[in-house]
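Student: Okay, sequence plus prediction incoming.
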Amino acid sequence: MLTLVTGTTGQVGRRFVPRLLSQREPGERIRVLVRDAARGEPFAELGAEVVVGDLRDEEALGRAVAGADAVVNVAASFRGVPDEEAWAVNRDAAVELGRAALAAGVKRFVQVSTGLVYGLGRGRPLTEDDEIRPGGEMWGAYTESKAAAERELLDLAGMEVRVGRLPFVYGNGDPHLAQSLHWAAHWASYQRLQMAHHVDVAQGLLRLLYAPAVARPLYNIADDAPVTALELHRLNGVEPPAGMHTRTDPDPWSGIMSNRRIARDLGFRPIHPSVWAARDAGAL
């Protein structure tokens, strides 16, 4: 089996690929697509094949998917980028990768998406059956472009597409945990953030990649216990801002995701059920 992984130099990809490589079976090959040969060297040292090229380049896509059996598309342009770049990478490049994979005979395509596609909360944990309502000024075109990629990839006939929706990802030295205070400092003290440690993101993606059959194509990958804004300050060793306790949360269920489907269908159990468990394990 040959698996292609994109987005390998981002925060998720650079932590996922070593775990994928460490768990591969004898004879199984892992290929990574990188824009810079130097950034592919750490993966090559671990045993990965490296293809140098841009996800938005048709010729590079052809070389990347040639002979592949599966693709894991981790690549994404996140907040802070111009809207046109978000659309170009998150939707257009993802869909072109899917089409190239289909043309090359790839059987399984795992698309890494985001729980932000749900938009507003529903008064309970969000499930994969909920309608997607992307939007929000904070994220620019990120959520809408990821939602559009999901729809177009799932419409591809002739290739099995599985989608993993991620919450806020942290751990293994990822700076996201510290960066969370950029917005958590303006929240109510009890406002919550759904999280998943990188080791559990990898676990979820590996289950989507290798499971011989899945009941449905959409799966939330999340831990068991959201964390509050007050807890985020404590985890970062920062005093909460004055007046935080007087604020109110306009949508207490925004972003709070259920992991019941992936647990039931694919046996997912978070290694770090909460950020506090990860802290106690020295995995932050």
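Tutor: Received it, and whenever you're ready, just let me know what you need. Numbering: from 1, shown residues only.
Student: Helices along the stretch 51-200 of the chain, start to end?
Tutor: With DSSP state H, counting those that start in this stretch, the ranges of helices along the stretch 51-200 of the chain come out as 58-65, 83-86, 94-103, 142-154, 176-179, 181-184, 198-210.
Student: among those, which is nearest Gln23?
Tutor: Proximity to Gln23 (C-beta to C-beta) singles out helix 198-210 among the helices of the stretch 51-200 of the chain, at 6.7 Å. C-beta here means a position set from N, CA and C on the backbone, and glycine is covered the same way.
Student: Point out where this protein drops to low pLDDT.
Tutor: 136-139 (pLDDT under 70).
Student: again, 90 this time
Tutor: Across the chain, residues meeting the criterion (pLDDT under 90) sit at 56, 77-82, 133-141, 215.
Student: Which one of the helices of the stretch 51-200 of the chain lies nearest to Arg260?
Tutor: Of all the helices of the stretch 51-200 of the chain, helix 198-210 sits nearest to Arg260, with 13.1 Å by C-beta to C-beta.
Student: what's in contact with that closest one?
Tutor: Helix 198-210 is contacted by residues 3, 12, 15-16, 19-20, 23, 70, 72, 108, 110, 112, 162, 164, 166, 169-172, 174, 196, 214, 219, 221, 223, 262, 266-268, 270-272, 283 when judged by C-beta atoms under 8 Å, 6 or more residues apart in numbering.
Student: What residues of it count as buried?
Tutor: 198-209 (16 or more other C-beta atoms under 10 Å).
Student: Adding distance to Gly7, write those out as CSV.
Tutor: Listed next are the buried residues of helix 198-210 as CSV, based on distance: C-beta to C-beta, whole Å:
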residue, distance to Gly7
His198, 14
Val199, 18
Asp200, 18
Val201, 12
Ala202, 13
Gln203, 18
Gly204, 16
Leu205, 11
Leu206, 16
Arg207, 19
Leu208, 15
Leu209, 14
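Student: sorry, back to before: buried ones among the contacts of helix 198-210?
Tutor: 3, 12, 15-16, 20, 70, 72, 108, 110, 112, 162, 164, 166, 169-172, 174, 196, 214, 219, 221, 223, 262, 266, 268, 270, 272, 283.
Student: Narrow those residues to those in strands?
Tutor: Members of the buried ones among the contacts of helix 198-210 lying in strands (criterion: DSSP state E): 3, 70, 72, 108, 110, 112, 162, 164, 166, 169-170, 196, 219.
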